[in-house]
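**Q** Give me coordinates for this.
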Amino acid sequence: DYFGHQGRLSSSNALFLTVAAGELGRCYSLERVFRAEPSATSKHLTEFDMLEVAVLGSGLDESMNQLERFIISLLDVEWPSSVMKRILRLRTDVCMPFRRVSYLDIEKEYTLNGHGLGKHERSLASQGPIFVVNFPQTIASWASRKYGDRLTHSFNLLLPEIGEVAEGSERDTDVERLKERFKKWQMNRQLGWYANSIRYPGSKVSIYGLGIERLAMWLFGVRNIRETGLFVRDGTFRELDE
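**A** From the prediction side, this is the model:
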């Protein structure tokens with residue numbers, strides 16, 4: 001209940017950044033985000049920090065290239081001596097460009113059956129950072145631009161030992177199609193503002209979100225995401241296995 005109306009909350013700034021990128025060209029946010037989901041694994045938090053970047057005129061490849069360069073640049077930072085051994089190993093092991101595979105190419109091998117990568121994320125990234133691209137419409141963000149009849153212009157970035165650290169997509173900016181979709185879903189009250197705010201229908205906008213704590217796990221060799229924060233909010237006090 002939100003001031004007398006049923007509302008839906010999102011942990012992502014993506015819709016706002018999509019609109020802002022249409023006006024500013026490129027924009028980003030680095031914010032604390034919240035998820036009302038159980039934190040019962042070594043890589044999930046109910047509160048975490050996320051970097052989101054949106055760029056007007058950028059396609060999926062350009063977005064992945066930008067994210068790749070950003071992550072590689074972090075390995076050149078002069079980190080404290082306590083973590084330099086780990087960073088030096090990453091500098092040796094990680095090569096550009098990151099591998100890229102389509103969802104369809106791995107669907108049968110990993111018996112995905114149209115579902116997410118789930119438990120296979122670390123296996124897929126065992127040989128180094130990898131982008132998995134073009135997820136089915138059934139599991140991708142509804143705001144992703146379609147790719148053929150079944151797929152979307154979308155990607156996940158997986159890092160060794162961690163799995164997914166980022167996801168992104170080209171956004172659907174067809175205003176009339178969005179309005180029809182919201183009408184069908186009976187969500188015009190919640191999302192009508194989004195379609196009305198896209199001033200340049202059909203423009204190309206790509207966006208990605210990067211989980212800072214998961215990235216820190218990979219950089220510093222941390223095995224449990226709770227070790228990346230000073231104060232971790234959790235609903236239980238029991239010891240959690242990996």
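**Q** Could I get the buried residue list for the longest helix along the chain?
**A** Selection of the longest helix in the chain by residue count, based on DSSP state H, yields helix 60-74. Of all the residues in helix 60-74, those buried under the rule 16 or more other C-beta atoms under 10 Å are L60, S63, M64, Q66, L67, E68, I71, I72. (Each C-beta comes from the backbone N, C-alpha and C, glycine too.)
**Q** Show the contacting residues for the residue nearest the centre of the chain.
**A** Residue closest to the mean C-alpha point of the chain, counted by C-alpha atoms, centre = their mean, is E167 at 2.5 Å. Applying C-beta atoms under 8 Å, 6 or more residues apart in numbering, we find E167 in contact with S154, F155, N156, L157, Y208, G209.
**Q** who does the longest helix of the chain touch, helix- and strand-wise?
**A** strand 47-56, strand 130-133, strand 154-159, strand 163-170, strand 205-211, helix 212-220 (3 or more C-beta pairs under 8 Å, 6 or more residues apart in numbering; DSSP states H and E).
**Q** Let's have these in JSON lines, adding distance to V101 and mean pLDDT.
**A** Compiled in JSON lines, the helices and strands packed on helix 60-74 are given as follows (distance: least, C-beta to C-beta, whole Å; pLDDT from 0 to 100):
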{"stretch": "strand 47-56", "distance to V101": "23", "mean pLDDT": "95"}
{"stretch": "strand 130-133", "distance to V101": "6", "mean pLDDT": "98"}
{"stretch": "strand 154-159", "distance to V101": "10", "mean pLDDT": "98"}
{"stretch": "strand 163-170", "distance to V101": "14", "mean pLDDT": "97"}
{"stretch": "strand 205-211", "distance to V101": "17", "mean pLDDT": "97"}
{"stretch": "helix 212-220", "distance to V101": "19", "mean pLDDT": "96"}
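**Q** With respect to G7, which of these lies nearest?
**A** strand 47-56 (20.1 Å; C-beta to C-beta).
**Q** quick one: buried residues of the closest one?
**A** Of the residues in strand 47-56, those buried (16+ other C-beta under 10 Å) are E47, F48, D49, M50, L51, E52, V53, A54, V55, L56.
**Q** got it, and stretch 96-103?
**A** For stretch 96-103, by 16+ other C-beta under 10 Å, it's F98, R100, Y103.
**Q** circling back: will you turn the buried residues of helix 60-74 into a markdown table that also has distance to W142 and pLDDT?
**A** Putting the buried residues of helix 60-74 into a markdown table (distance: C-beta to C-beta, whole Å; pLDDT from 0 to 100) gives the following:
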| residue | distance to W142 | pLDDT |
| --- | --- | --- |
| L60 | 17 | 95 |
| S63 | 18 | 96 |
| M64 | 21 | 97 |
| Q66 | 24 | 96 |
| L67 | 22 | 97 |
| E68 | 26 | 97 |
| I71 | 27 | 96 |
| I72 | 31 | 95 |
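**Q** just those residues now: which is nearest E176?
**A** Nearest member of the buried residues of helix 60-74 to E176, counting by C-beta to C-beta, is L60, at 22.9 Å.
**Q** All set, thanks.
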